[in-house]
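Q: Below are the sequence and a predicted model for it; my questions follow.
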Amino acid sequence: MGMDREVSIARCESYEPTQVKGALTAALAPLGGLDWVKPGMKIAIKANLMMRARPERAATVHPEVAVGGYK
């Protein structure tokens, strides 16, 4: 197919906002990070939201990851 694929994973010990931000930053760094994002830009995030579930069930993206990590 000729498509390059890159994957990055970072451990996050809790959903504490500083932990989430650190893990997101670490996971994005090998992919080029977010230095290209500038204030005022609109960015779309495609989150895995297959069903309604409480964050504790870990069935979808945790709200802190989806919206809290980069406030």
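A: Sure, I can see it. Residues are numbered from 1 along each chain as shown.
Q: Can you identify the element that follows the lengthiest helix in the chain toward the C-terminus?
A: Longest helix in the chain by number of residues (criterion: DSSP state H): helix 17-28. Sequence order places helix 63 as the next helix or strand after helix 17-28, per DSSP states H and E.
Q: I'd like the average pLDDT over the longest helix of the chain.
A: Helix 17-28 carries an average pLDDT of 89.
Q: what's the closest non-adjacent residue to residue 11?
A: residue 23 (6.7 Å; CB to CB, 6 or more residues apart in numbering). Where you see a C-beta, it was placed from the backbone N, CA and C, and this is true even at glycine.
Q: what about residue 33, how many residues close to it?
A: For residue 33, the count of nearby residues is 12 (other CB atoms under 10 Å).
Q: Could you measure from it over to residue 27?
A: Applying CB to CB, to the nearest Å, the value for residue 33 to residue 27 is 10 Å.
Q: before we move on, what about residue 41?
A: 20 Å.
Q: and the two? which has more neighbours close in?
A: Neighbour count, other CB under 10 Å: between residue 41 and residue 27, residue 27 has more, with 16 against 7.
Q: Could you give me the buried positions within stretch 19-38?
A: 20-24, 27 (16 or more other CB atoms under 10 Å).
Q: now do stretch 5-14
A: residue 12.
Q: chain center to that stretch, what's the gap?
A: Centre-to-centre, stretch 5-14 and its host chain are 9 Å apart (CA atoms, centre = their mean, to the nearest Å).
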